[in-house]
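Novice: Fold the following for me, if possible:
(one chain, ligands or ions: 1)
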Amino acid sequence: MKFTFYKYEGTGNDFIFIDNRQNNFPKTDVKRIEKLCDRRFGIGADGLILLENDNETDFKMVYYNSDGNQSSMCGNGGRCIVAFAKRLNLISDQATFLATDGLHKAFVFEDGIISLGMKDVDEVKIESDYVFLNTGSPHHVMMVDDLNNYDVKGIGAKIRYSDLYGKAGSNVNFVQQLLDNHFRLRTYERGVEDETFSCGTGATAAAIAMHAIGETSLSHIYLNVEGGKLEVSFEKVGGIYTNVFLKGPATFVFEGEIEW
Ligand SMILES: N[C@H](CCC[C@H](N)C(=O)O)C(=O)O
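Specialist: Below you'll find the predicted structure:
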């Protein structure tokens, strides 16, 4: 089998893209997808994303974590697939696409920045030392005083595999407040089983969580992640977080061919 692939990164969260509109990619070959994502024996990425045809929208997004398993919504990958669709001349400066958590709208700006509409969040579980919410993927969010030298992988894995989240697990986000609506975020990602340089649904979850627990009353949040900067904006209407947007860069890195 021979495929052209396209490598993208969104604030350091990196992905292999395949144009699967011919529907010939081996979608159930977990070991193959895991190997393609392997940073030594494959191309290397946090995830692999298929762009497929969809009757009602511009395209469909299918997301796999680097463990080779299909998973829930990827916010950075969602921004990158819009850049990929533009490269394929499928769209111009906006898109509507179908993902595992429903329909997404997206807007492409001049400088390559992409703003992705995220699902509404109608349930935010506030506990004494963490917040849990689902922004298309499940996220445990907790505040820490200093993210320098913080054991994100060790502590993140403990929480991800704890009884709290059972077999499904959760992504784990550690947030440090810098200014009123400015935060630093480091994330342990389920399915990568390591810290990633950025997590889009995690940044969205952290922003909404900080608003929900009153750390900020502003609804436009700036997040410094290990791989760059993201912005999250939202409105809270009748207890529901809506008009949620995740904005940031989506960068083409290289294209190549894989054969096996
Ligand atoms: N690892 C996540 C999916 C990818 C999330 C992340 N890459 C993003 O940008 O949202 C999960 O299995 O829940």
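
Novice: Can you tell me which residues in the stretch 51-200 of the chain are near the ligand?
Specialist: When proximity is defined as Cβ under 6 Å from any ligand atom, the stretch 51-200 of the chain approaches the ligand at 65, 71-72, 74-77, 137, 171, 189-192, 199-200. All C-beta atoms are positioned from the backbone trio N, CA, C, and that covers glycine.

Novice: Tell me if F252 really is in a helix.
Specialist: No: F252 is assigned strand when assessed by DSSP: H, G, I helix; E, B strand; the rest coil, not a helix.

Novice: in the chain, which spans are helices?
Specialist: For the chain, the helices defined by DSSP state H cover 30-37, 75-87, 152-160, 200-212.

Novice: Would you convert these into a markdown table that also reports mean pLDDT and mean neighbour count?
Specialist: Converted to a markdown table, the helices of the chain look like this (pLDDT from 0 to 100; neighbours: other Cβ atoms under 10 Å):
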| stretch | mean pLDDT | mean neighbour count |
| --- | --- | --- |
| helix 30-37 | 98 | 18 |
| helix 75-87 | 98 | 26 |
| helix 152-160 | 98 | 17 |
| helix 200-212 | 99 | 28 |
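
Novice: Now do the strands in the stretch 101-250 of the chain.
Specialist: Secondary structure of the stretch 101-250 of the chain (DSSP state E, counting those that start in this stretch): strands at 102-108, 113-118, 124-126, 131-134, 138-143, 171-179, 182-189, 194-196, 220-225, 228-237, 240-249.

Novice: Mean neighbour count, these: which tops it?
Specialist: Most buried of the strands of the stretch 101-250 of the chain, by mean neighbour count (mean count of other Cβ atoms under 10 Å): strand 182-189, with a mean of 24.

Novice: Give me the phi and psi angles of the residue lying closest to S72 once chain neighbours are set aside.
Specialist: Nearest residue to S72 in three dimensions, chain neighbours excluded: S137, at 4.2 Å (Cβ to Cβ, 6 or more residues apart in numbering). Reported as degrees, to the nearest 10, the phi and psi values for S137 are phi -140, psi 160.

Novice: Quick check: the gap between S137 and F3.
Specialist: 26 Å (Cβ to Cβ, to the nearest Å).

Novice: neighbour count winner among those two?
Specialist: Between S137 and F3, S137 has the larger neighbour count (other Cβ atoms under 10 Å), namely 25 against 17.

Novice: Verify the contact between the more buried one and S71 for me.
Specialist: Yes: using Cβ atoms under 8 Å, S137 is in contact with S71, at 7.2 Å.

Novice: Between the two, which contacts overlap?
Specialist: R190 (Cβ atoms under 8 Å, 6 or more residues apart in numbering).

Novice: which residues does the closest residue to F25 other than its chain neighbours contact?
Specialist: Nearest residue to F25 in three dimensions, chain neighbours excluded: I18, at 5.4 Å (Cβ to Cβ, 6+ apart). Shown in contact with I18 (Cβ under 8 Å, 6+ apart): 3-6, 25, 48-51.

Novice: Buried ones among these?
Specialist: 3, 5-6, 25, 48-51 (16 or more other Cβ atoms under 10 Å).

Novice: Adding pLDDT and distance to M61, write these out as TSV.
Specialist: Shown next, in TSV, are the buried ones among the contacts of I18 (pLDDT from 0 to 100; distance: Cβ to Cβ, whole Å):
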residue	pLDDT	distance to M61
F3	96	17
F5	98	16
Y6	98	14
F25	98	13
L48	98	11
I49	99	6
L50	98	7
L51	98	7
